[in-house]
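>>> okay, structure incoming, though there's no sequence with it:
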């Protein structure tokens, strides 16, 4: 299994980076949405 992982990493090393950026972007979007919605919720 380790060898297979290493081979996959060699052939496509950017797939992990794409997933990482995806998770980071989703986290940023969630944080932005919460920060944007909190004042509206407190305003009510």
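Great, that's in hand. Predicted model, so just to flag it, every value in this text is computed and none were measured. Residues are numbered from 1 along each chain as shown.
>>> after the helix or strand bottoming out on mean pLDDT in the chain comes which helix or strand?
When each helix and strand of the chain is scored by mean pLDDT, DSSP states H and E, helix 2-11 comes last, with a mean of 59. Using DSSP states H and E, the helix or strand that follows helix 2-11 towards the C-terminus is helix 14-43.
>>> now that next one: buried residues?
Across helix 14-43, burial judged by 16 or more other C-beta atoms under 10 Å covers no residue at all. For the C-beta atoms, the positions are set from N, CA and C on the backbone; glycine is no exception.
>>> could you say what helices and strands that helix packs with?
The criterion is 3 or more C-beta pairs under 8 Å, 6 or more residues apart in numbering; DSSP states H and E, and there are no helices or strands that helix 14-43 contacts.
>>> for the record, mean pLDDT for it?
For helix 14-43, mean pLDDT rounds to 87.
>>> please begin residue numbering at 42 from this point
All set: I'll call the first residue 42, so the last point we hit is now helix 55-84.
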